[in-house]
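> Below is the structure, and that's it, no one-letter string:
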């Protein structure tokens, strides 16, 4: 086997998220103890943020979330599947990167969401504000409650 083929196989095994293994992904990564993370699957009040409750067509709500994320300045989608979106948001001044993950649970009519800082301890509420801004945008589009 050629070295390039071996490298390709190796790279594919390292891939954290492929369409085949993410189709069943239903849970978000846990938040660290630091207050710079919010998640709709967090068990504690400090990190918990309500999930997005879909009204009507799940595909329409999912597309609206994707478009809202793409429309945000300094936010890029890094990976996506039919039921997951992974994105990065970079702060303007210090260029801190936050990770955003969304998981569509079409059966439950819910989008689970998580936003967390990669570094530091406090985020001064930036991650919570980011998710609430997305919520407001989706509510205005009448795709979530």
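Cool, got the structure. Since this is a predicted model, take the numbers as computed values, not measurements. Residues are numbered from 1 along each chain as shown.
> Just list the residues touching the spatially most central residue of the chain, thanks.
Geometric centre of the chain, nearest residue: residue 101, 1.5 Å, by CA atoms, centre = their mean. Contact partners of residue 101, counting by CB atoms under 8 Å, 6 or more residues apart in numbering, are 28, 29, 84, 85, 86, 87, 113, 114, 115. Any C-beta I mention is one placed from the backbone N, CA and C, and that applies to glycine too.
> A helix includes it, no?
No: secondary structure of residue 101 (DSSP: H, G, I helix; E, B strand; the rest coil): strand, not part of a helix.
> check which helix or strand covers the closest residue to it other than its chain neighbours.
The shortest distance from residue 101 to any non-neighbouring residue, by CB to CB, 6 or more residues apart in numbering, is to residue 114 (4.7 Å). If you go by DSSP states H and E, residue 114 is part of strand 110-117.
> Check residue 133 too.
helix 126-140.
> How about residue 41?
Here residue 41 is assigned to no helix or strand, by DSSP H and E.
> ok, back up a step: tell me the average confidence for the strand holding residue 114?
Across strand 110-117, the average pLDDT comes to 98.
> Stretch 73-93 now?
On average, stretch 73-93 scores 94.
> hmm, who's touching it?
For stretch 73-93, contacts defined as CB under 8 Å, 6+ apart pick out 17-19, 22-23, 25, 65-66, 69-70, 72, 96-106, 115, 126, 130.
> Output the contacting helices and strands for the helix holding residue 133.
With contacts taken as 3 or more CB pairs under 8 Å, 6 or more residues apart in numbering; DSSP states H and E, helix 126-140 sits against strand 37-39, strand 52-53, helix 58-71, strand 97-105, strand 110-117.
> let's go with 10 Å and repeat that
Judged by 3 or more CB pairs under 10 Å, 6 or more residues apart in numbering; DSSP states H and E, the packing partners of helix 126-140 are strand 37-39, strand 52-53, helix 58-71, strand 84-90, strand 97-105, strand 110-117.
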